[in-house]
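>>> here are the coordinates; sequence isn't available:
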């Protein structure tokens, strides 16, 4: 099953990327994710591994994922190492006026389980799609709030001089 969602954030791409790739902030904006733990070194970037679980219905599903593509400030992709077969991608692109478009893609499947797996994937899809949309909405809210805090601090600093 392939799902995707997109949002435009009123912040420059480096600010969005810094928030997006900080493993300590993942649980603050990833909707439905109940576990996001760094496993080994490095803690971010190419080769980083995380134990990730997402609540879908009454079950926490996921497993160990590894970052397999990392283009700083642009693209981050992962694939599963253990657990549920999944691939995901974050894409950040500049928009006019210090804005950034962020796209979140996720594909998942239960390998070799036949009709039952197909049914489970399709039943889970609306819940997972909601989690993708909510994750992007929460990322937008938190990054834009942080941008407002930075701008206010800068104004105060200039006024004090």
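Received, thanks. Values in this document were obtained by computation on a predicted structure and should not be read as measured data.

>>> and the next element down the chain from the lengthiest strand in the chain?
If you go by DSSP state E, the chain has its longest strand at strand 59-71. Following strand 59-71 in sequence order, the next helix or strand is strand 75-80 (DSSP states H and E).

>>> Stretch 49-57: which residues count as buried?
Neighbour counts using 16 or more other C-beta atoms under 10 Å place 49-56 of stretch 49-57 among the buried residues. For the C-beta atoms, the positions are set from N, CA and C on the backbone; glycine is no exception.

>>> quick one on the thing from earlier: quick one: strands adjacent to the longest strand of the chain?
strand 49-56 (antiparallel), strand 75-80 (antiparallel) (DSSP bridges).

>>> Run the angle between the lowest-mean-pLDDT helix or strand in the chain and strand 49-56 for me.
Every helix and strand of the chain was ranked by mean pLDDT, DSSP states H and E. The lowest is helix 114-160, at a mean of 87. Angle of helix 114-160 versus strand 49-56, following axes from the mean of the first three to the mean of the last three C-alpha atoms, to 10 degrees, is 110 degrees.

>>> which residue sits farthest out from the middle of this structure?
residue 161 (39.4 Å; C-alpha atoms, centre = their mean).

>>> how much space between that residue and residue 149?
19 Å (C-beta to C-beta, to the nearest Å).

>>> could you say which helix or strand contains residue 88?
strand 85-95.

>>> Please apply the same query to residue 101.
strand 99-109.

>>> Pull out the buried residues from that strand.
Buried residues in strand 99-109 (16+ other C-beta under 10 Å): 100, 102-106, 108-109.
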